[in-house]
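Undergrad: Just a sequence and a predicted model for now, questions to come.
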Amino acid sequence: MGKVLVFVESSNGKIKRSAQELLTAAKKSGQSVTALVGGSQAQQLATECAQFGAQEVFVVKDSQFDQYNPELFTEMMSQAVAEIKPTVILASSSSLGKDLFPRVAAHLNTGVLSDCTELNLQGDDVTVKRPVYSGKAMAKMGFENSSVKIVLMRPNQLPIEAPQTSATAATKELSVKKTDLKTLIKEVVKGTSEKLDLTEANIIVSGGRGLKEAANFKLLNELADALGATVGASRAVVDAGWVSHGMQVGQTGKTVAPTLYIAVGISGAIQHLAGMSGAKVIVAINNDPNAPIFQKATYGIVGDLFDVVPKLTEEFKKALHH
Amino acid sequence: MKFFVCIKQVPDTETKIKIGSDTQSIDTTGIKWVMNPYDEYAVEESVKLRDSNPGSQVWVLSVGPKKRTVETLRTALAMGADEAIAVDAPENLDPYQTAKALAAVIQQEGGAKVIFTGKLAIDDNASCVSQMTAEFLKVPHTTVVSKFSLSAENILVERDVEGGAKEVVQMLAPAVVAANKGLNMPRYASLPGIMKAKKKVIKELDFAGLNTGASAKTKVLSLELPPEKPPVKMLQGDSSAQVSALVKALRDEAKVL
């Protein structure tokens, strides 16, 4: 019987959906589930952890953990592992998770698998699937010589169950002290968007050269607003300076895995396909019936995007209001 | 002052991937190999840094099968690196073993002020080696870096995180910096650069000879090609008909609304 430690990330006083997914998966595996949550709101977040399946929650009630710092967080994980003695650690393959856990794994001389899209968690036997070679192959992978098996899951890959509002968990405090830090976070410059990041978004609307100029991204923003989607872009328009690099989907940009991906005026260069082929449903809108994007799409519309997109925005507004 | 850059040769994005007969690795016949795209940003940044710090040197380092490390190290030398070290190693080292080897060589060569890497290699997609190398060297790291400066002992970087936000991070040198797109515009190797690189001697080491004692922590059980997508459904009629058919399909058939 294994012991699963779920590293919980939060935003705006709520645990992230990715954490809900991990807790649900841990609970379903039938093993004992411990959550670890840090920051000034750790105590409140512990309740939510319990509702998604944690039997025990370790809280690090310390405002130092409101902001990620690799050295501090490595120390926290090192202490947590010594205290909790998990056999498996589940965390999100987020900006934080991907930066932190390889370092933690090296520190503990154990294995880590990042960017996983499938998880098979049965006792001590842990295998995953993860895309390799820019999504052109899937690798089934496992661990060896690993005291703790660390798995970083991409967001939106696992189901969640409705929270059990009556569930409670034993809460334990962990105090983490670390001095002589060589890393200092001087400032966090906020992004312009309030929306979910592309890597976490459930719906993405992406634009390419077919939009003809930067100002026409307005059409995509309106479409995205109607759907509650995040806006992405192809490399061509990022390189042309129409939008920021943070919006780029594909090779040298972000790898995304939304439920719905709408590609507007994107021809579908292999570098772009590499970043979005993990989407469950892909809609392509392009005036060129031979655009490679249609080979990856679930649904295709050949037409003038300046005609199609505004109509689609209106149709979505109607459909989602009823 | 010495700057190290850790680089890897990977299949070009455009290359078709075929699974090998062992089902655990790819069939390498006919593959076009290139320097990992993110490593190009790392090489460029180190060369720029060397040029603005007279007397400093850029050392490039690669771990892998000899033919491929040597080829990609030549590219880095042609871009302006001063010295190169190839560590001959089997194809299938895991990130833990690779980082152990990198850290061992960097230590053996007297350390570095800054160690640059790409933020991930586009073949195994692990994004692990930079942080692991930093841990083995007991130095700080920052990944996904799109802005870098060095002043005396302070390294100031910007790290791209979710939602277009940037963390401004200061580290005490030495440190590992993993490059993202946006850090710079990598130069093309010039013809004189290529000629000069051909004449340079690449120092050759052997993974086993480093005696890191590192065993793999993860393994590939099998590789498979992604499932074939069913053919696209093209929506017919005028734009109004296409749009209503699409919304209906997304709601009733794909059930994603």
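TA: Done, it's in.
Undergrad: burial of whichever residue of the stretch 51-200 of chain B sits closest to chain A, as a residue count?
TA: Here the residue of the stretch 51-200 of chain B nearest chain A is B:Gly164; by C-beta to the nearest C-beta that distance is 2.8 Å. Just so you know, the C-beta spots here come from the backbone N, C-alpha and C atoms, and that holds for glycine as well. By the criterion of other C-beta atoms under 10 Å in any protein chain shown, B:Gly164 has 19 neighbours.
Undergrad: Retrieve the pLDDT associated with the closest residue to it other than its chain neighbours.
TA: Nearest residue to B:Gly164, sequence neighbours excluded (C-beta to C-beta, 6 or more residues apart in numbering or on different chains): A:Gly191, at 2.8 Å. Listed pLDDT for A:Gly191 reads 83.
Undergrad: shouldn't A:Gly191 be in contact with B:Ala165?
TA: Yes. Between A:Gly191 and B:Ala165 there is a contact under C-beta atoms under 8 Å: 4.4 Å.
Undergrad: Could you pull up the residues touching the residue nearest to B:Gly164?
TA: Residues in contact with A:Gly191 (C-beta atoms under 8 Å, 6 or more residues apart in numbering or on different chains) are A:Gly246, B:Glu162, B:Gly163, B:Gly164, B:Ala165, B:Lys166.
Undergrad: Let me know the distance separating the last one from A:Gly246.
TA: When you say that, I think you mean B:Lys166. 9 Å (C-beta to C-beta, to the nearest Å).
Undergrad: what's the answer for the fifth one, then?
TA: To A:Gly246, B:Ala165 is 8 Å away according to C-beta to C-beta.
Undergrad: swap in the second one?
TA: For B:Glu162, the distance to A:Gly246 equals 9 Å [C-beta to C-beta].
Undergrad: So for the two, which sits in the more crowded spot?
TA: For B:Glu162 versus A:Gly246, neighbours defined as other C-beta under 10 Å are more numerous around A:Gly246 (24 against 18).
Undergrad: which residues in chain B form helices?
TA: With DSSP state H as the criterion, chain B has helices at B:37-51, B:66-79, B:95-108, B:129-137, B:191-199, B:239-248.
Undergrad: Report how many residues lie close to the closest residue to B:Ala104 other than its chain neighbours.
TA: Closest residue to B:Ala104 apart from its sequence neighbours, by C-beta to C-beta, 6+ apart: B:Leu210 at 4.7 Å. Look at B:Leu210: counted by other C-beta under 10 Å, it has 19 neighbours.
Undergrad: thought B:Leu210 was touching B:Gln107?
TA: No. With contact defined as C-beta under 8 Å, B:Leu210 does not count as touching B:Gln107 (10.1 Å).
Undergrad: on that earlier part again, if you compare the helices of chain B, which one is most tucked away?
TA: Each of the helices of chain B was assessed for mean neighbour count using mean count of other C-beta atoms under 10 Å in any protein chain shown. The highest is helix B:129-137, with a mean of 27.
Undergrad: residue ranges of the helices in the stretch 201-322 of chain A, please?
TA: Along the stretch 201-322 of chain A, the segments classed as helices by DSSP state H, counting those that start in this stretch run A:217-227, A:235-239, A:270-276, A:293-296, A:305-321.
Undergrad: Also the stretch 51-200 of chain A?
TA: All helices of the stretch 51-200 of chain A, identified by DSSP H, counting those that start in this stretch, fall at A:70-84, A:95-108.
Undergrad: Stretch A:145-158 spans what distance, first to last residue?
TA: Stretch A:145-158 has an end-to-end distance of 27 Å (C-alpha to C-alpha, to the nearest Å).
Undergrad: What residues sit buried inside it?
TA: Neighbour-count burial for stretch A:145-158 flags A:Ser146, A:Val148, A:Lys149, A:Ile150, A:Val151, A:Leu152, A:Met153, A:Arg154, A:Pro155, A:Asn156, A:Gln157, A:Leu158 (criterion: 16 or more other C-beta atoms under 10 Å in any protein chain shown).
Undergrad: ok, and of those residues, which contact chain B?
TA: A:Ser146 (C-beta under 8 Å from any C-beta of the partner chain).
Undergrad: So which residues on the stretch 201-322 of chain A come close to chain B?
TA: A:203, A:244-248, A:251-253, A:259-260, A:270-271, A:274, A:277, A:280-281, A:283-284, A:294-304, A:307-308, A:311-312, A:315-316, A:319-320.
Undergrad: Just give me the residue closest to the centre of chain A.
TA: A:Pro155 (3.3 Å; C-alpha atoms, centre = their mean).
Undergrad: residues contacting the nearest residue to that one once chain neighbours are set aside?
TA: Counting by C-beta to C-beta, 6+ apart, A:Pro155 lies nearest to A:Ser18, which is 4.2 Å off, once chain neighbours are set aside. A:Ser18 is in contact with A:Glu9, A:Ser92, A:Ser94, A:Met153, A:Pro155, A:Asn156, A:Glu200, counting by C-beta under 8 Å, 6+ apart.
Undergrad: surely the fifth one meets A:Gln20?
TA: Read that as A:Pro155. No. Taking contacts as C-beta under 8 Å, A:Pro155 lies outside contact range of A:Gln20: 10.2 Å.
Undergrad: can you give me the strands in the stretch 1-150 of chain A?
TA: Per DSSP state E, counting those that start in this stretch, the stretch 1-150 of chain A carries strands over the ranges A:3-7, A:10-11, A:14-15, A:32-38, A:56-60, A:88-92, A:112-116, A:118-122, A:125-132, A:137-143, A:149-153.
Undergrad: I'd say B:Ala216 and A:Asn145 touch.
TA: Yes. Between B:Ala216 and A:Asn145 there is a contact at 6.9 Å, judged by C-beta under 8 Å.
Undergrad: just to revisit the earlier point, same list, the helices of chain B, but as JSON lines with mean pLDDT please.
TA: Shown next, in JSON lines, are these (pLDDT from 0 to 100):
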{"stretch": "helix B:37-51", "mean pLDDT": "98"}
{"stretch": "helix B:66-79", "mean pLDDT": "96"}
{"stretch": "helix B:95-108", "mean pLDDT": "98"}
{"stretch": "helix B:129-137", "mean pLDDT": "98"}
{"stretch": "helix B:191-199", "mean pLDDT": "95"}
{"stretch": "helix B:239-248", "mean pLDDT": "97"}
